[in-house]
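Peer 1: I'll drop the sequence and a predicted model, then ask my questions.
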Amino acid sequence: MEALRLVLYVLHMVAMLAIVVGPLVAGRGHLVQVWGARIQLFIGLGLTGIAEAGDDPVNHAKIGTKLVIMIAVLACAEIGNAKGKRGENGTTLAWVAAGLAVVNALVAFLW
């Protein structure tokens, strides 16, 4: 079970990298960022399930906070990408998504 958790954790961090680097790829909302956000959300849910199955207690307030932030990251990435496809400026939303992903990591490590 520990090996699965470690693999999911590494993939979770790679997905975060895609979210943070996404705006740098094209200077606007980008599909790399959208898929990074989607993957990070689902892997995060998987990591939470593994933590629930273990013996250690899980901080549900922290998980709930991280889930709300992650939904905001996904929404900003999706909307920024859609605006970019239409030729509108999706740069701001792409950077907001990247910033919120960093905030989410800070919540994970500091709480």
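Peer 2: In hand now; what should we look at?

Peer 1: from now on I want contacts and neighbour counts done on CA atoms only, so please keep to that.
Peer 2: Will do.

Peer 1: which parts of the protein are strands?
Peer 2: Counting by DSSP state E, no segments of the chain form strands.

Peer 1: any weak-confidence spans in the chain?
Peer 2: Filtered on pLDDT under 70, the chain yields the residue ranges 26-29.

Peer 1: which residue of it lies farthest from its centroid?
Peer 2: residue 55 (25.9 Å; CA atoms, centre = their mean).

Peer 1: any idea how far residue 18 is from that residue?
Peer 2: 32 Å (CA to CA, to the nearest Å).

Peer 1: list the buried residues for stretch 12-25?
Peer 2: Neighbour counts over stretch 12-25 (16 or more other CA atoms under 10 Å) mark 12, 15-24 as buried.

Peer 1: stretch 98-107 too?
Peer 2: For stretch 98-107, the neighbour count (16+ other CA under 10 Å) marks 98, 100-102, 104 as buried.

Peer 1: got a list of what the residue lying closest to residue 102 once chain neighbours are set aside touches?
Peer 2: Leaving out its chain neighbours, the residue that sits closest to residue 102 by CA to CA, 6 or more residues apart in numbering is residue 20, at 7.7 Å. When contacts are counted by CA atoms under 8 Å, 6 or more residues apart in numbering, residue 20 touches 33, 95, 97-99, 101-102.

Peer 1: do residue 8 as well
Peer 2: Each residue near residue 8 by CA under 8 Å, 6+ apart is listed here: 43, 46-47.

Peer 1: neighbour count and distance to residue 79 added to the residues you listed, as a markdown table?
Peer 2: What follows is those, written out as a markdown table (neighbours: other CA atoms under 10 Å; distance: CA to CA, whole Å):
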| residue | neighbour count | distance to residue 79 |
| --- | --- | --- |
| 43 | 20 | 21 |
| 46 | 16 | 25 |
| 47 | 18 | 26 |
